[in-house]
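Participant: Would you be able to build a 3D model of this:
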Amino acid sequence: MYHIQASDISYHESMTDVPLETDQVTTPTQYWHLLDDGRVQCDLCPRHCKLKEGKRGLCFVRGCQHGQIVLTTYGRSSGFCIDPIEKKPLNHFLPGTPVLSFGTAGCNLACKFCQNWDISKSRENDTLASTASPEQIASAAQRHQCRSVAYTYNDPVIFLEYAIDVAQACREKDIASVAVTAGYIDEQPREQFFRYMDAANVDLKAFTERFYYKLTGGHLQPVLETLQYLKHETNVWLELTTLVIPGENDSEAEFEEMTQWVVEKLGPDVPMHFTAFHPDWKMLDRPPTSHQSLIDAVRIARRNGVHYAYAGNVHDAHYGSTWCHSCGELLIERDWYQLGQWNLTDEGCCTNCGTQCAGVFDGPAGTWGGRRQPIQIS
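Facilitator: Predicted structure coming up:
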């Protein structure tokens, strides 16, 4: 087992030097306990930050105040936008429909390749310029005819209390909740959090402990436990995403091991997205992912029994589309976020052979398309 060193998470370690503002509005949280030395341990995620009074955790948004762990970002967001559900990415959950997306700031992982680092690594209050109550978010989703709300851009695990309250407000209006997460969360909060989610796309960032330790400051096993929990103990619709980084997690051997594990432990019907990396944050020295590497990953996944494997963040109507695993018929034509041919019945069955396509379908595809629409909620 690798042990995380301070040098591996130097950016996030520096966050603990930033004290909680004494006049900051905070929200009490549930998952923490007092230590014998007077510090308070956060029990939300496997990091188990041990904090002195006035100090922040590595996620930056949870800290110790008056002898308890508090959340500093409740009701505050980095912005709201209506996206295609395929952007999350979710290819088998209400295809073609709009989803109201929002996030806050901070993260409980320290990924050197973060593609949203301006949000997840932010320590500036200006990042959280938008404010909205759970009821306002649910009403906005209903007003804009969104079938779901996505907790995304940064990991919703760290703003669990806010996300759950939004999800409860959405359920009252028959609006689904989607978690876009790395799945790095402890057992008890995991059960509470996903009780209110209807779908999740979980980042399976790699399939080696070395990768998680060196490039995320975390560990692989807690993520695998979250995936098995979601598949076998909840009704949450689950899809997986792996950002394919040249020289780090793109070997055929790793694709083989990962996809075999997915089929064995989660089953063949969990969709897998292999998406293209672009140089960002602290990995500017790596080239973008080659298109061929994504195709190789998809082919290996399909050969190992994954029914639905996709190449993402690229224009590829073949490897981005959904095909019937029984007869080979094109079921959902998809080029990036734009849908084309639709050969499913209203119940989600192949129109050619009648085989059920795994997913959450509700009649024909939506018509939102690939557009992105920022909105204001206040």
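
Participant: So, low pLDDT: which residues of the protein?
Facilitator: Confidence mapping of the chain against pLDDT under 70 gives the ranges 1-18, 22-23, 117-129.

Participant: Tell me where the longest strand sits in it.
Facilitator: strand 237-244 (DSSP state E).

Participant: Does residue 177 touch residue 166 like I think?
Facilitator: Yes - under the criterion of C-beta atoms under 8 Å, residue 177 makes contact with residue 166 at 7.4 Å. Heads up, the C-betas are built off the backbone N, CA and C, glycines and all.

Participant: As PDB, could you dump the C-alpha coordinates of the longest strand of the chain?
Facilitator: Extracted in PDB, the C-alpha atoms of strand 237-244 (Å, rounded to 0.1, in the frame of the first residue of the first chain):
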ATOM      1  CA  TRP A 237     -28.200   4.300 -12.600                       C
ATOM      2  CA  LEU A 238     -24.400   4.000 -12.900                       C
ATOM      3  CA  GLU A 239     -21.900   4.900 -15.700                       C
ATOM      4  CA  LEU A 240     -18.100   5.100 -15.500                       C
ATOM      5  CA  THR A 241     -15.600   7.500 -17.000                       C
ATOM      6  CA  THR A 242     -11.900   7.100 -17.400                       C
ATOM      7  CA  LEU A 243      -9.900  10.100 -18.700                       C
ATOM      8  CA  VAL A 244      -7.200   8.400 -20.700                       C
END
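
Participant: List of residues touching it?
Facilitator: Strand 237-244 is contacted from outside by 89-93, 113, 115, 198-206, 227, 230-231, 249-250, 258, 262, 266, 270-277, 289, 293-294, 297, 312, 359-360, using C-beta atoms under 8 Å, 6 or more residues apart in numbering.

Participant: Pull the contacting residues for residue 147.
Facilitator: Per C-beta under 8 Å, 6+ apart, neighbours of residue 147: 85, 94, 97, 98, 99, 175, 176, 362, 366.

Participant: Give the buried subset of the residues you listed as a ChimeraX selection command.
Facilitator: In ChimeraX syntax, the buried subset of the contacts of residue 147 is picked out as below (16 or more other C-beta atoms under 10 Å):
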select :85,94,97,98,99,175,176,366
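
Participant: From the contacts of residue 147, which land in helices?
Facilitator: Secondary structure assignment by DSSP state H places none of the contacts of residue 147 in helices.

Participant: could you list every residue that touches the residue nearest to residue 366 when sequence neighbours are not counted?
Facilitator: In space, and not counting its chain neighbours, residue 366 is closest to residue 96: 3.3 Å by C-beta to C-beta, 6 or more residues apart in numbering. Taking C-beta under 8 Å, 6+ apart as the contact definition, residue 96 lies against 84, 85, 86, 339, 365, 366, 367, 368, 369.

Participant: circling back to that earlier point, which of the contacts of strand 237-244 are buried?
Facilitator: The neighbour-count test (16+ other C-beta under 10 Å) marks 89-93, 113, 198-206, 227, 230-231, 249-250, 258, 262, 266, 270-277, 289, 293-294, 297, 312, 359-360 as buried among the contacts of strand 237-244.

Participant: what ranges do the helices span in the stretch 51-200 of the chain?
Facilitator: Secondary structure of the stretch 51-200 of the chain (DSSP state H, counting those that start in this stretch): helices located at 117-120, 134-143, 160-171, 187-194.

Participant: Dump the ones you listed to JSON lines, plus distance to residue 305 and mean neighbour count.
Facilitator: Formatted as JSON lines, the helices of the stretch 51-200 of the chain follow (distance: least, C-beta to C-beta, whole Å; neighbours: other C-beta atoms under 10 Å):
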{"stretch": "helix 117-120", "distance to residue 305": "34", "mean neighbour count": "20"}
{"stretch": "helix 134-143", "distance to residue 305": "37", "mean neighbour count": "19"}
{"stretch": "helix 160-171", "distance to residue 305": "33", "mean neighbour count": "22"}
{"stretch": "helix 187-194", "distance to residue 305": "26", "mean neighbour count": "17"}
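
Participant: Can you add distance to residue 243 and give the contacts of residue 96 back as JSON lines?
Facilitator: JSON lines is the format used below for the contacts of residue 96 (distance: C-beta to C-beta, whole Å):
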{"residue": "84", "distance to residue 243": "19"}
{"residue": "85", "distance to residue 243": "19"}
{"residue": "86", "distance to residue 243": "16"}
{"residue": "339", "distance to residue 243": "23"}
{"residue": "365", "distance to residue 243": "26"}
{"residue": "366", "distance to residue 243": "26"}
{"residue": "367", "distance to residue 243": "29"}
{"residue": "368", "distance to residue 243": "24"}
{"residue": "369", "distance to residue 243": "24"}
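
Participant: ok, so of those, who is nearest residue 29?
Facilitator: Taking C-beta to C-beta as the measure, residue 29 sits nearest to residue 85 out of the contacts of residue 96, at 29.8 Å.

Participant: ok, now which ones touch the residue nearest to the closest one when sequence neighbours are not counted?
Facilitator: Once flanking residues are discounted, residue 85 sits nearest to residue 99: 4.8 Å by C-beta to C-beta, 6+ apart. Going by C-beta under 8 Å, 6+ apart, residue 99 touches 82, 83, 84, 85, 87, 88, 146, 147, 148, 149, 150, 178.
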